[in-house]
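# based on what follows, work out the 3D shape:
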Amino acid sequence: MTDILMPALSPTMEEGVLAKWHVKVGDVVSAGDVIAEIETDKATMEVEAVDEGEVTDILVAEGTEGVKVNTPIARLKDEGGAAAPAAKAEAPKAEAAPAKTEAPKAAVPIAPAPAAPKSASGERIFASPLARRIAAQNGVDLTSIKGTGPHGRIVKRDVEGAPQTAGKGAAQPAALSATVAATTGIAPRQAPSLAQMGIPDGSYDLIPLDGMKKAVARRMVDSIQNVPHFPLFIDVEIDQLMAVRAKVNRMLEPQGIKVSVNDFVIKAAALALKMVPEANASYTPEGIAMHHNADVSMAVAIDGGLITPIIKKAETKGLAQIATESKDLAKRARERKLKPEEFQGGTFSVSNLGMFGIKQFTSIINEPQGCIMSVGAGEQRPVVKDGQLAVATVMTATLTCDHRVVDGATGARFLQAFKPLIEDPVAMLA
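Numbering: from 1, shown residues only. Alright, predicted model coming up:
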């Protein structure tokens, strides 16, 4: 029998909601069939089977909340009746319509599966994502293994017990998480209960914390405790930007595209990161990771929390493409339909509260990124030009930096590169 376990579909996921089953007891599934839908702390994901066999038990009913990662949720008997290995963090995808469903491939567990290996002759070695992941973790050479899965595919049972290659292997995701937790240095303080604060029962309504709220709370506490933050502030005039934006939007109107101020900010930030690559970096225990591309995360408020979908390689994209992608990502973020790779892995973040009239604010860094930029509202302010008092539309941008990665001078150079791009945005149209 194979126990299908609740997969970890994002780095922050500890539990989730088993939203829907796409299979029932007695159904026969093949590797890759969509079997369930799981709501994580960030999105609703589909889960795929990683082995073939008959569903003998549904252990967790659909709609169940708070299902812990690695909890058995169903049981599978292989077609030959032999014991098959557990389907652990192999991200199955939820909902199982009788036939295979065209849907985003199941979910990136905490440790993504390594790329498909190749033999000495250059031919691809067919192995399930779970088998590849276990092989990488245990230092197993897949080229030496004969697969027993469908069409000779290497599956989990083939890798387990196989000889390890000396010097290879990686820590299990749980061990990695434990190591990270052990190195944080400060245990979070337990908040006092309302009763301890003298607030009587019945004087308030309690809204339970869902997975997203818990994840955001945990990540923000970890970030503010473990990252040495400091802010840098700069005022930028945006009168020319507003004029250019109006012209661009008139040109793009027939295509149904509308460029926002935030799209200009994302593009300018991406170009500034390429000019000052030291700001496009992350702190790791092994060293400073210098990112090759400016993958800009944009903060999007959704029901119950916040998510940061990514405009990847933003420095290579025009304003129209950034506008189209940002609108699509924000829409699917609010519908909780983003894939993990669409909101994990950015190198820099932008948070904009200008549309709410917020003049200036400081954000908490989105680890492991080295910086986050907070953008306020543009407003008319008095300025001095050529010794004369004038009025200009001014916007305040705040760069919050991880001092382990970006020191004051580096952050200042980034803002020096960012400011002229915003104040004279024609350069971004090239």
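# please count neighbours and contacts with C-alpha atoms only from this point.
Will do.
# quick one: I73 and E278, what's the gap?
Distance, I73 to E278, by C-alpha to C-alpha, to the nearest Å: 45 Å.
# residue boundaries of the helices in the stretch 301-430 of the chain?
Here the stretch 301-430 of the chain has its helices, by DSSP state H, counting those that start in this stretch, at 319-334, 340-343, 408-423.
# how about the ones you listed in TSV, adding mean pLDDT and mean neighbour count?
As requested, the helices of the stretch 301-430 of the chain are exported to TSV (pLDDT from 0 to 100; neighbours: other C-alpha atoms under 10 Å):
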stretch	mean pLDDT	mean neighbour count
helix 319-334	95	19
helix 340-343	88	18
helix 408-423	97	19
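# got these as JSON lines, with distance to K146 columns?
As requested, those are arranged in JSON lines below (distance: least, C-alpha to C-alpha, whole Å):
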{"stretch": "helix 319-334", "distance to K146": "41"}
{"stretch": "helix 340-343", "distance to K146": "31"}
{"stretch": "helix 408-423", "distance to K146": "53"}
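# the stretch 301-430 of the chain: strands as residue ranges?
305-307, 310-311, 348-352, 371-375, 379-385, 388-402 (DSSP state E, counting those that start in this stretch).
# tell me which residue lies nearest the centroid of this protein.
Nearest residue to the geometric centre of the chain (C-alpha atoms, centre = their mean): Q344, 2.1 Å.
# from A320, how far out is that residue?
Taken as C-alpha to C-alpha, the span from Q344 to A320 is 23 Å.
# count of neighbours near A217?
A217 has 14 neighbours, counted by other C-alpha atoms under 10 Å.
# could you do N352 as well?
22.
# bridging residues for it?
V375 (DSSP bridges).
# ok, it touching I372?
No. Using C-alpha atoms under 8 Å, N352 is not in contact with I372; the gap is 10.6 Å.
# related to what we said a few turns ago, from R218, how far out is the residue nearest to the centre of the chain?
16 Å.
# show me what C371 is bridged to.
C401.
# same question, M290
Going by DSSP bridges, M290 forms beta bridges with A281.
# residue contacts, it?
277-278, 280-282 (C-alpha atoms under 8 Å, 6 or more residues apart in numbering).
# swap the cut-off to 7 Å and go again
M290 is in contact with 278, 280-282, counting by C-alpha atoms under 7 Å, 6 or more residues apart in numbering.
# same deal with T324?
T324 sits next to I257 when contact means C-alpha under 7 Å, 6+ apart.
# what's the spacing between F343 and V296?
According to C-alpha to C-alpha, F343 and V296 sit 10 Å apart.
# show me how far stretch 144-162 is from its chain's centre.
31 Å (C-alpha atoms, centre = their mean, to the nearest Å).
# how about the nearest residue to L252, chain neighbours excluded?
The shortest distance from L252 to any non-neighbouring residue, by C-alpha to C-alpha, 6 or more residues apart in numbering, is to K258 (6.8 Å).
# what's the local residue count around that neighbour?
Counted with other C-alpha under 10 Å, K258 comes out at 19.
# hmm, it is touching N249, no?
Yes. The pair K258 / N249 is scored as a contact, 5.5 Å apart, by C-alpha atoms under 7 Å.
# hang on, R75 packs against M6?
No. Between R75 and M6 there is no contact under C-alpha under 7 Å: 11.6 Å.
# more neighbours: those two, which one.
M6 (28 against 20).
# rewinding a little: the helices of the stretch 301-430 of the chain: which one's closest to T148?
helix 340-343 (30.2 Å; C-alpha to C-alpha).
# quick one: the closest one to chain centroid distance?
4 Å.
# what of stretch 43-53?
With C-alpha atoms, centre = their mean as the basis, the mean position of stretch 43-53 lies at 20 Å from the chain mean.
# just the pLDDT for the residue nearest to the centre of the chain.
We have a pLDDT of 87 for Q344.
# go on, A43?
pLDDT, A43: 71.
# for the closest residue to it other than its chain neighbours, grab phi and psi.
Take A43 and drop its neighbours on the chain: the residue closest to it by C-alpha to C-alpha, 6+ apart is R336, 4.3 Å away. The phi/psi pair for R336 (degrees, to the nearest 10) reads phi 60, psi 50.
# for R336, grab the count of nearby residues.
The local packing of R336 (other C-alpha under 10 Å) involves 19 other residues.
# same deal with M395?
Counted with other C-alpha under 10 Å, the neighbours of M395 add up to 22.
# distance of the nearest residue to it once chain neighbours are set aside relative to M45?
Nearest residue to M395 in three dimensions, chain neighbours excluded: G378, at 4.3 Å (C-alpha to C-alpha, 6+ apart). Relative to M45, G378 is positioned 38 Å away (C-alpha to C-alpha).
# those two: which has the busier surroundings?
Applying other C-alpha under 10 Å to G378 and M45 shows that M45 carries more neighbours, namely 29 against 23.
# the more buried one contacts A36, correct?
No. The pair M45 / A36 is not scored as a contact, 8.6 Å apart, by C-alpha under 7 Å.
# how about low-confidence regions in the stretch 151-300 of the chain?
In the predicted model, the stretch 151-300 of the chain carries pLDDT under 70 at residues 151, 161, 163-191.
# now with 90?
151-202, 204-226, 285 (pLDDT under 90).
# all the strands of it, residue numbers only.
229-237, 281-284, 287-290, 296-298, 300-302.
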